[in-house]
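Trainee: coords below, sequence missing:
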Ligand code: AMP
Ligand code: GLY
């Protein structure tokens, strides 16, 4: 599936299920998540164009223009005049900036309006929302001055959790046993402004112990229908050590999420959130991501995000047995017609390949061609993340560059095939975690 850009063989979606809606879709974003969404949507939609996409998307389906920042005027005009029938938004920033509001009344959008995307855009608002609607989460204190922050630390036992209020590209959270480091984090946010306006408020939060899981749900404003749970590994190094990253690997299913626990997540997290959004006057249409901490039978929400997770999406979509394009349109138009999502009886795993040094500074322009052009199939895929074509080579443009996704009868089976592909295609200047799928 991963021939060079410009060849329509670059992605070879399997032929099922049959196309139920002849639809022209604009997909916004450029990462591994968007490559996976493209791959899945192309199975049933007639046209999918990615704005701007990466080298995994065939050239014919990439649209580098019009570009967009926080002003969607030119993009809106283009999408309307080119008769797109659905807009699917991958990343959080355009949602928080109001892309769904901008297109309202013109084209259905899979993604919440800015007022609901605040659930990710402001941790302070997310905390207010969770407390108001009785969604279980850690105790927290919002602070606007360094003095307030230091005082809040005195009220929380160690380890300390300090978060910038706004979007910070996954870097705004510090979890530490050292009060000195926690104070530094507060100072960096509020005084040094290392996250700009995103750090005008700091949240000091109680530490939650347990194991993490990500539960995504398709939402149509009234109901939330969940995906199978996935487990993300955010730390850079084996054994869940090292700095937090955007995500170095993921696995589905998650052995510690039982059916009973899933029923509780539905009732205490998803249903309460959907009700809350309605009560607040911002009914939620799109993908709601609940980042959970599971401690035995206790569930707490660590964070909500307003979009699909990366890299969990790349692991989940190849085993999803549904027409995703049709479901997205149903959500966007407020009429989701299924009560549960069907998954193949398979485990799935993604291992992310990143540039040496990531999440710190790293080199770009690494030659990824042999790995990215490996012959793959439905149960063994290579999704592009930060890549571009340079003549006939695939070169890296970001920290997270690629994701190898394998599915199989067990996690062990999927894991052994993903790692076999990686071992036979080593890439200088990159690294990947060796323990995805083997941690208890
Ligand atoms: P967030 O950006 O809020 O997802 O936080 C990034 C990561 O920090 C999470 O995936 C957790 O591993 C960790 N984290 C955040 N908040 C807490 C908390 N209250 N207790 C324990 N770990 C946390
Ligand atoms: N995988 C973590 C995230 O998408 O935020």
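Mentor: Ah, there it is. Only a predicted model underlies this, so the values are computations on that prediction, with no experimental measurement involved. Ligands and ions are numbered 1, 2, ... in the order given.

Trainee: quick one: name the residues of this protein near ligand 1.
Mentor: By Cβ under 6 Å from any ligand atom, the part of the chain that sits against ligand 1 consists of 138, 161, 173, 175, 205, 207-208, 212, 234, 244, 291, 302-303. Every residue, glycine included, has its C-beta placed from N, CA and C.

Trainee: the stretch 1-150 of the chain: helices as residue ranges?
Mentor: For the stretch 1-150 of the chain, the helices defined by DSSP state H, counting those that start in this stretch cover 32-41, 73-81, 92-96, 99-103, 114-121, 123-132, 146-154.

Trainee: can you pull out the low-pLDDT segments for the protein?
Mentor: 1-21 (pLDDT under 70).

Trainee: tell me the centre residue of it?
Mentor: By Cα atoms, centre = their mean, the chain has its centre lying nearest to residue 309, at 1.6 Å.

Trainee: what does it show for phi and psi?
Mentor: Torsion angles at residue 309 (phi, psi; degrees, to the nearest 10) stand at phi -80, psi 150.

Trainee: surely it touches residue 217?
Mentor: No: Residue 309 is beyond contact range of residue 217, at 11.9 Å (criterion: Cβ atoms under 8 Å).

Trainee: still on that earlier bit, now the buried members of the residues of the chain next to ligand 1.
Mentor: Buried by 16 or more other Cβ atoms under 10 Å: 138, 161, 173, 175, 205, 208, 212, 234, 244, 291, 302, 303, out of the residues of the chain next to ligand 1.

Trainee: surely the first one is in contact with residue 163?
Mentor: No: Residue 138 is beyond contact range of residue 163, at 10.3 Å (criterion: Cβ under 8 Å).

Trainee: list residues touching both of those two?
Mentor: residue 205 (Cβ atoms under 8 Å, 6 or more residues apart in numbering).

Trainee: let me have the buried ones among the residues of the chain next to ligand 1 in JSON lines, extended by secondary structure.
Mentor: Converted to JSON lines, these look like this (DSSP: H, G, I helix; E, B strand; the rest coil):
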{"residue": "138", "secondary structure": "coil"}
{"residue": "161", "secondary structure": "strand"}
{"residue": "173", "secondary structure": "strand"}
{"residue": "175", "secondary structure": "strand"}
{"residue": "205", "secondary structure": "strand"}
{"residue": "208", "secondary structure": "coil"}
{"residue": "212", "secondary structure": "strand"}
{"residue": "234", "secondary structure": "coil"}
{"residue": "244", "secondary structure": "strand"}
{"residue": "291", "secondary structure": "strand"}
{"residue": "302", "secondary structure": "strand"}
{"residue": "303", "secondary structure": "strand"}
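
Trainee: which among the helices of the stretch 1-150 of the chain is found nearest to residue 251?
Mentor: Evaluated with Cβ to Cβ, these place helix 32-41 nearest to residue 251, the distance being 15.2 Å.

Trainee: is that closest one positioned near ligand 2?
Mentor: No: Helix 32-41 stays clear of ligand 2 (Cβ under 6 Å from any ligand atom), getting no nearer than 7.5 Å.

Trainee: before we move on, what about stretch 348-358?
Mentor: No: judged by Cβ under 6 Å from any ligand atom, stretch 348-358 and ligand 2 are separated, with a smallest distance of 9.9 Å.

Trainee: what residues of that stretch count as buried?
Mentor: Buried-residue list, stretch 348-358, by 16+ other Cβ under 10 Å: 348, 349, 350, 351, 352, 353, 354, 355, 358.

Trainee: does the third one really touch residue 317, like I thought?
Mentor: Read that as residue 350. No: Residue 350 is beyond contact range of residue 317, at 10.3 Å (criterion: Cβ under 8 Å).

Trainee: what is the lengthiest helix in the chain packed up against?
Mentor: Assignment by DSSP state H gives helix 411-424 as the longest helix of the chain. Under the contact definition 3 or more Cβ pairs under 8 Å, 6 or more residues apart in numbering; DSSP states H and E, helix 411-424 sits against strand 347-355, strand 380-384, strand 400-408.

Trainee: run the chain-centre distance for the second one.
Mentor: Spelled out, that is strand 380-384. Mean C-alpha position of strand 380-384 versus that of the full chain (Cα atoms, centre = their mean, to the nearest Å) differs by 16 Å.

Trainee: now the last one
Mentor: What separates the centre of strand 400-408 from the centre of its chain is 14 Å, taken as Cα atoms, centre = their mean.

Trainee: also the first one?
Mentor: Remark: strand 347-355 is offset 14 Å from the chain centroid, using Cα atoms, centre = their mean.

Trainee: so what secondary structure elements neighbour the helix or strand just after that strand?
Mentor: Once strand 347-355 ends, the next helix or strand along the chain (criterion: DSSP states H and E) is helix 369-372. Helix 369-372 is packed against strand 380-384, strand 393-396, with contacts defined by 3+ Cβ pairs under 8 Å, 6+ apart.

Trainee: how about helix 369-372: buried residues?
Mentor: So helix 369-372, judged by 16+ other Cβ under 10 Å, has buried residues 369, 371, 372.

Trainee: around ligand 2, pick out the residues from this structure.
Mentor: Checking the chain against ligand 2 by Cβ under 6 Å from any ligand atom, the hits are 232, 247, 305, 309, 310, 312.

Trainee: export these to a markdown table and tack on secondary structure?
Mentor: Formatted as a markdown table, the residues of the chain next to ligand 2 follow (three-state DSSP):
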| residue | secondary structure |
| --- | --- |
| 232 | strand |
| 247 | coil |
| 305 | strand |
| 309 | coil |
| 310 | coil |
| 312 | helix |
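
Trainee: okay, the angle between the helix or strand containing residue 294 and helix 114-121?
Mentor: Per DSSP H and E: residue 294 is located in strand 285-295. Using axes from the mean of the first three to the mean of the last three Cα atoms, to 10 degrees, the direction of strand 285-295 lies 30 degrees away from that of helix 114-121.

Trainee: what comes up buried for strand 285-295?
Mentor: 285, 286, 287, 288, 289, 290, 291, 292, 293, 294.

Trainee: kindly report the same for stretch 395-408.
Mentor: Neighbour-count burial for stretch 395-408 [16+ other Cβ under 10 Å]: 395-408.

Trainee: for stretch 377-397, same thing?
Mentor: Buried residues in stretch 377-397 (16+ other Cβ under 10 Å): 379-389, 393-397.

Trainee: do the same with stretch 254-261
Mentor: Within stretch 254-261, the residues that count as buried by 16+ other Cβ under 10 Å are 254, 257, 261.
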